[in-house]
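Colleague: What shape does this take:
(3 chains)
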Amino acid sequence: MKRSLNEVAAFVGGRVVGQNVEVSGISSIAGASPGDLVFVEEEVRLDSAVECPASAVIAGEFAASKAASKPLLIVRQPRLAFARAARLLAPAPAPSPLIHPTAVIDVSVRLGTDVSVAECAVIGEGTEIGKQSRIGAGCVIGANVHIGQDCRLFPNVTVYDRTRLGDRVTVHGGAVLGSDGFGYARDSDTGRYEKFPQIGHLEIEDDVEIGANATIDRGALEVTRVGRGAKIDNLVHIGHNCQIGENVVIAAQTGLSGSIVVEKDVILGGQVGIGEHARIEEGVMLGGQGGVLPNKILRGKGIAFWGTPARPLREYLRQLATLARLSKSGP
Amino acid sequence: MKRSLNEVAAFVGGRVVGQNVEVSGISSIAGASPGDLVFVEEEVRLDSAVECPASAVIAGEFAASKAASKPLLIVRQPRLAFARAARLLAPAPAPSPLIHPTAVIDVSVRLGTDVSVAECAVIGEGTEIGKQSRIGAGCVIGANVHIGQDCRLFPNVTVYDRTRLGDRVTVHGGAVLGSDGFGYARDSDTGRYEKFPQIGHLEIEDDVEIGANATIDRGALEVTRVGRGAKIDNLVHIGHNCQIGENVVIAAQTGLSGSIVVEKDVILGGQVGIGEHARIEEGVMLGGQGGVLPNKILRGKGIAFWGTPARPLREYLRQLATLARLSKSGP
Amino acid sequence: MKRSLNEVAAFVGGRVVGQNVEVSGISSIAGASPGDLVFVEEEVRLDSAVECPASAVIAGEFAASKAASKPLLIVRQPRLAFARAARLLAPAPAPSPLIHPTAVIDVSVRLGTDVSVAECAVIGEGTEIGKQSRIGAGCVIGANVHIGQDCRLFPNVTVYDRTRLGDRVTVHGGAVLGSDGFGYARDSDTGRYEKFPQIGHLEIEDDVEIGANATIDRGALEVTRVGRGAKIDNLVHIGHNCQIGENVVIAAQTGLSGSIVVEKDVILGGQVGIGEHARIEEGVMLGGQGGVLPNKILRGKGIAFWGTPARPLREYLRQLATLARLSKSGP
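Modeller: All right, here's what the predicted structure looks like:
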């Protein structure tokens, strides 16, 4: 979609330095063609951006005083502005809303306006889906599920009964939402396990994105909750009764066992493991493969932790260095 | 479903202290309403249980001598009794058995009585499914598969040809059973990999539960086996030729490469990794993120191991403490 | 399928010592029946192979001079020859090519000759599928996808729009190919995340095999690529913009975050984690659960690394030994 650079500037918040050219797409610097908009976050990359075939460059204030041979769009947060410009220039194709004839939708289901339900998707009794939401092919949505507006479920997603999704939730292919938690009572006489009831449900708040083949379990007796704006990567596991705060970021293959609290603005790297009843407090960062023991608390806005058991990064690095030194000087 | 507390006591094995009230559901203490049955395992929580709105409390012997203002059901194993009571009070809804018209079932398939096959499920040639089993929407069951009685496959499960499931097996959404193992022979001349034959099969014994998006591979030339009563969490991977014993518990995201023996009553935490041909002997416990090298043996009923390579917990903790101490006193 | 041992020898490259018997299948030594072909890689197992009920034994040169009571097929690489013989003796059943009537195939799709599309599979607009490829039940293939010849997609695979697969690619059940990468721009004013555009695509080259429930993301602005002959196990995650070289082997549950380069002939163990922009150079081996930090480079053909952060194996083992020693002698 063609837009003038001034229109983009108005949409993302910024000012144009140079000519008000037309742009029609976004790209990386390496892949740019005329008509594209690119971005730079660091001054050192400005030259390559200006010299590439793109028509204009989003850049930070560092570029404002440079005499550039290409129109610049100066913003405070170039990466953010680029992401927003992408929405303006390359809107996700809105398919003509369609209930495909092979979809199987219970008669009791309430669909908002302009909902799409693709091939062979299945929607159970008593479920409601808000306007403009799109259900991908092969998705199976259980009974009494609530899905808000403008949600997008990619193909082959499974949503168990009574799960609730807010508005603008995106779920990628193969994810499973609301499955039974992993809880058993062991009979000490026989050694056999009896299933502990898993009769709670799962709530996903607005603006959450969930990666491919991720799994999030329902509560055992109460609720598992994923807060507004949280971003969850592929193959993440979230166990029963977890409470994930707003704007939490969880990278791929991280696993949370049961009843964990992750407060808002926490960032968990990939392959992190967290034991039951642990609490990760607001704004903590935990590096990839880090491990948190059951019942532990990690605390400190903007503090980075690493290792298993997770320690403050500086302490962990000092320990690694100590071990390397002792090992070299050893017999 | 309404039951008198005496009926519950008869079902779970225990005795009522106080009035024989009616109960109709289960809940946590925090979420209890009149009519609910709750449970306490520790004396310290007894007061909050007695004071919540629930109608009765399952508790251990510690509560028998207390003068409680609420009927108590005294049992030896309160958590276990609560799980059993849940089965009595909140039985899983038995849908009217139905072969949905969109299911695609080969003419050669043998279905027991009261089998349900949901929307768009596919069942291949020569497969048999025992009575009262329920196949979820979008499941794909291959050819010559055997599924026993009272099994439940949640939606979008994939079962490869010739896999065998016993009775009362539960499989959660997106799990893949009987896929090809990861085995190749490298041609040392060309550096390319030739697929090693993966023509064995997978056997899952009775009373096993398998989590969402878990994967269990078939044997290469023989059989992969998951023993009776084993409980396997979400996103677990079990490689070809593994032998998993009875009542083994494997938490989320743990991975077993090929030809591993896990003897009965072993408990593996989350994100554990085990190398090929290792043996985890009866009753071992291995903590989260622990790693076992190929060909190693872990031994000791009730012994806890941790770390990579896995060591007895006490030894591992001592090493962690040593490192912390040396690192603090270091230059 | 019955073949003379001489025919097998001609196919796999080797010579027969003893009688030119007929063989009709392959098996392990433990599971062998008359008519089977088995193999041994080590002299110590030759006797058990010769004494089992199999009709013939593939073995290395070590066996050529032995007086064996059973026909031998002498080859340089017994495991490789066995894998090839398996292809000759037990060819994968070629189903009569069929477009199942419940498959939903857009009118614009181009299918080569002898393509199979199984029950309830869905294929989107503008997609093309090469001859003899087989699409499993419940697979959802998006729009403008290219799938080459002789590919096999097992059931319930999801392929996002514009993904490209070469020839002879095998994808196991539940895998998700071409999903959005995990990229966001954080608004430093509000703390909320804006989705970074994920508009690149995914290319899988010839002869790749991808395990069950694995996920491979599309490029953000450019391309994620998996090179010719790479083998990827179950539940592996490969993030956006990664470049995986030829004949790379990645074991189960390993995760690669974004923009990683893995050069040819690298072997990654299970549960390995690699940070963004890291580079694993040609021929490196990285042991299970190893971790590589963002931007790091691992270098050295045939060099084994282990631990987090990954170190040369020898160094890592020395450090483990040092820690154990210090911990024992400690106070």
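Colleague: Run through the stretch 1-150 of chain A and note the low-pLDDT ranges.
Modeller: By pLDDT under 70, the low-scoring segments of the stretch 1-150 of chain A are A:92-96.
Colleague: Looking from chain B, tell me which residue of it is nearest.
Modeller: A:Val140 (3.7 Å; Cβ to the nearest Cβ). Just so you know, the C-beta spots here come from the backbone N, C-alpha and C atoms, and that holds for glycine as well.
Colleague: tally of neighbours for A:Val107?
Modeller: A:Val107 has 5 neighbours, counted by other Cβ atoms under 10 Å in any protein chain shown.
Colleague: A:Gly178 is in contact with A:Asp159, correct?
Modeller: No, residue A:159 isn't Asp; it's Val. Yes: judged on Cβ atoms under 8 Å, A:Val159 makes contact with A:Gly178 at a distance of 6.0 Å.
Colleague: Enumerate every residue touching the residue of the stretch 1-150 of chain A closest to chain B.
Modeller: For A:Val140, the contact set (Cβ atoms under 8 Å, 6 or more residues apart in numbering or on different chains) comprises A:121-122, A:157-159, B:119, B:136-138, B:155-156, B:173.
Colleague: same thing with A:Val226?
Modeller: A:202-205, A:208, A:210, A:216, A:232, A:238, A:244.
Colleague: Turn these into a markdown table, columns for secondary structure, neighbour count and distance to chain B.
Modeller: Output for the contacts of A:Val226, formatted as a markdown table (DSSP: H, G, I helix; E, B strand; the rest coil; neighbours: other Cβ atoms under 10 Å in any protein chain shown; distance: Cβ to the nearest Cβ, whole Å):
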| residue | secondary structure | neighbour count | distance to chain B |
| --- | --- | --- | --- |
| A:Leu202 | strand | 26 | 12 |
| A:Glu203 | strand | 19 | 14 |
| A:Ile204 | strand | 30 | 15 |
| A:Glu205 | coil | 21 | 20 |
| A:Val208 | coil | 26 | 18 |
| A:Ile210 | strand | 29 | 12 |
| A:Ile216 | strand | 30 | 9 |
| A:Ile232 | strand | 28 | 13 |
| A:Ile238 | strand | 32 | 9 |
| A:Ile244 | strand | 27 | 16 |
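Colleague: Domain map for chain A?
Modeller: Following automatic domain parsing, one finds the domains of chain A at A:3-89, A:98-156, A:171-331.
Colleague: per-residue pLDDT, the residue nearest the centre of chain A?
Modeller: Nearest to the centroid of the C-alpha atoms of chain A, with distances taken as Cα atoms, centre = their mean, sits A:Lys231, at 2.2 Å. Looking at A:Lys231, its pLDDT reads 98.
Colleague: ok, it touching C:Tyr184?
Modeller: Yes: A:Lys231 is within contact range of C:Tyr184, at 5.9 Å (criterion: Cβ under 8 Å).
Colleague: Identify the contacts common to these two.
Modeller: Here A:Lys231 and C:Tyr184 have A:249, C:193 as joint contacts, going by Cβ under 8 Å, 6+ apart.
Colleague: What ranges does the stretch 51-200 of chain A have for its helices?
Modeller: Under the criterion DSSP state H, counting those that start in this stretch, the stretch 51-200 of chain A contains helices at A:78-89.
Colleague: quick one: A:Arg186 and A:Tyr193 touch, right?
Modeller: Yes: contact criterion Cβ under 8 Å: A:Arg186 and A:Tyr193 qualify, at 5.4 Å.
Colleague: Could you pull out the residues contacting both of the two?
Modeller: By Cβ under 8 Å, 6+ apart, no residue touches both A:Arg186 and A:Tyr193.
Colleague: Excluding covalently adjacent residues, which one is nearest to A:Met1?
Modeller: Computed as Cβ to Cβ, 6 or more residues apart in numbering or on different chains, the closest residue to A:Met1 that is not its neighbour in sequence is A:Leu89, at 5.7 Å.
Colleague: Next up, the contacts around the one you found.
Modeller: Contacts of A:Leu89 (Cβ under 8 Å, 6+ apart): A:1, A:3, A:8, A:23-26, A:37.
Colleague: go with 10 Å
Modeller: When contacts are counted by Cβ atoms under 10 Å, 6 or more residues apart in numbering or on different chains, A:Leu89 touches A:1-3, A:7-8, A:11, A:23-26, A:35-37, C:197.
Colleague: In a helix, A:Ser48, correct?
Modeller: Yes: under DSSP: H, G, I helix; E, B strand; the rest coil, A:Ser48 sits within a helix.
Colleague: How about it: what's its closest non-neighbour residue?
Modeller: Using Cβ to Cβ, 6+ apart, the closest residue to A:Ser48 is A:Ile29 (5.6 Å).
Colleague: Hmm, C:Leu221 and the one you found touching each other?
Modeller: Yes: the criterion here is Cβ atoms under 10 Å, and A:Ile29 meets it with C:Leu221 at 9.1 Å.
Colleague: and those two? which has more neighbours close in?
Modeller: Each of A:Ile29 and C:Leu221 has its neighbours counted (other Cβ under 10 Å); C:Leu221 has more, 24 against 19.
Colleague: for that one, what are its contacts?
Modeller: Listed by Cβ under 10 Å, 6+ apart, the contact partners of C:Leu221 are A:26-32, A:36, A:38, A:82, A:86, C:181, C:183, C:196-200, C:240-241.
Colleague: Can you tell me how far it is from C:Gln198?
Modeller: 9 Å (Cβ to Cβ, to the nearest Å).
Colleague: hey, what's in contact with both of the two?
Modeller: Here C:Leu221 and C:Gln198 have A:86, C:181, C:183, C:240 as joint contacts, going by Cβ under 10 Å, 6+ apart.
Colleague: Just the pLDDT for the closest residue to the last one other than its chain neighbours.
Modeller: In space, not counting the residues next to it along the chain, C:His240 is nearest to C:Gly181; the distance is 2.6 Å by Cβ to Cβ, 6+ apart. According to the prediction, C:Gly181 has pLDDT 96.
Colleague: ok, C:Gly181 - contacts?
Modeller: A:211, A:233-234, C:195-200, C:202, C:217-221, C:224, C:238-242, C:257-259.
Colleague: Could you list the low-pLDDT ranges of the stretch 201-331 of chain A?
Modeller: Under the criterion pLDDT under 70, the flagged ranges of the stretch 201-331 of chain A are A:329-331.
Colleague: how about 50 then?
Modeller: A:331 (pLDDT under 50).
Colleague: quick one, helices of it?
Modeller: Per DSSP H, counting those that start in this stretch, the stretch 201-331 of chain A carries helices over the ranges A:313-329.
Colleague: I'd like to know how far A:Gly258 sits from A:Pro294.
Modeller: Taken as Cβ to Cβ, the span from A:Gly258 to A:Pro294 is 9 Å.
Colleague: circling back to that earlier point, tell me the buried residues within the contacts of C:Leu221.
Modeller: Among the contacts of C:Leu221, those buried by neighbour count (16 or more other Cβ atoms under 10 Å in any protein chain shown) are A:26-29, A:31-32, A:36, A:38, A:82, A:86, C:181, C:183, C:196-200, C:240-241.
Colleague: if we can go back for a sec, need the overlap of contacts for A:Ile29 and C:Leu221.
Modeller: Joint contacts of A:Ile29 and C:Leu221 (Cβ under 10 Å, 6+ apart) are A:36, A:38.
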